[in-house]
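> Sequence and predicted structure below; questions after.
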Amino acid sequence: MTLTTRIAGAAASAAITLACFSMPATADDTTTDPATEPCATQQAQVDKATTALERVTAVFARQQERVEAKAEAVEKAAPGREKAAAKKALAAARKATAETKVTKRAQQMRLAKATERLTACEAAQPPATETPAPM
């Protein structure tokens, strides 16, 4: 590296560093603190578990389709090495599906527990009573 390249790099790094530290830290008034809302953490866990279950279910469906395609390939394969390779691919696809099935079952249990915690939290909250406006 030449001297001018090093100086230019150092100047750019200094400028970026100063720009980052010179910005004022402001809080956005539109955001709400999750600690102030009752059961916000539990609701977030339920949402996260639901999203994860949807992803795992989509993966499981794709793997089921893959197993069906591999089974058809075994039926259409010529006897000998081709059929043996197709059977091996089918076995691998079934193994992956079985592993995903276990993951899906575990995610369903996580969602059930998270929903249970949310329900318990909501039940523990006092009922919201509206106070009439003073006249």
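Received it, and whenever you're ready, just let me know what you need.

> elements contacting the longest helix seen in the chain?
Ranked by residue count under DSSP state H, the longest helix found in the chain is helix 81-124. With contacts taken as 3 or more Cβ pairs under 8 Å, 6 or more residues apart in numbering; DSSP states H and E, helix 81-124 sits against helix 40-76. Where C-beta positions appear, they are placed from N, C-alpha and C, glycine not excepted.

> gap between A69 and R94?
12 Å (Cβ to Cβ, to the nearest Å).

> Neighbour count for the two, which is higher?
R94 (15 against 12; other Cβ atoms under 10 Å).

> Leaving out chain neighbours, which residue sits closest to that one?
V67 (5.7 Å; Cβ to Cβ, 6 or more residues apart in numbering).

> measure the one you found to A96 for me?
8 Å.

> Have a look at the two and say which one is more surrounded.
Shown here are V67 and A96; by other Cβ under 10 Å, V67 has more neighbours (20 against 15).

> Check the more buried one and give its pLDDT.
According to the prediction, V67 has pLDDT 95.

> do the same with the one 4 residues further on
In this model, A71 is scored at 94, pLDDT.

> and if you look at M109?
97.

> any idea how far it is from R94?
23 Å.

> repeat for Q45
33 Å.

> same check, this time on A124
Taken as Cβ to Cβ, the span from A124 to R94 is 45 Å.

> Kindly report the same for P38.
P38 is 46 Å from R94, by Cβ to Cβ.

> same question, Q125
Q125 sits 47 Å away from R94, going by Cβ to Cβ.

> Now stretch 69-86: buried residues?
By 16 or more other Cβ atoms under 10 Å, the buried positions in stretch 69-86 come out as 70, 73-74, 77, 86.

> quick one: contacts of it?
Contacts to stretch 69-86, defined as Cβ atoms under 8 Å, 6 or more residues apart in numbering, come from residues 87, 89-90, 93.

> what about D47, neighbour count?
12.

> got the contact list for it?
D47 touches nothing, counting by Cβ under 8 Å, 6+ apart.
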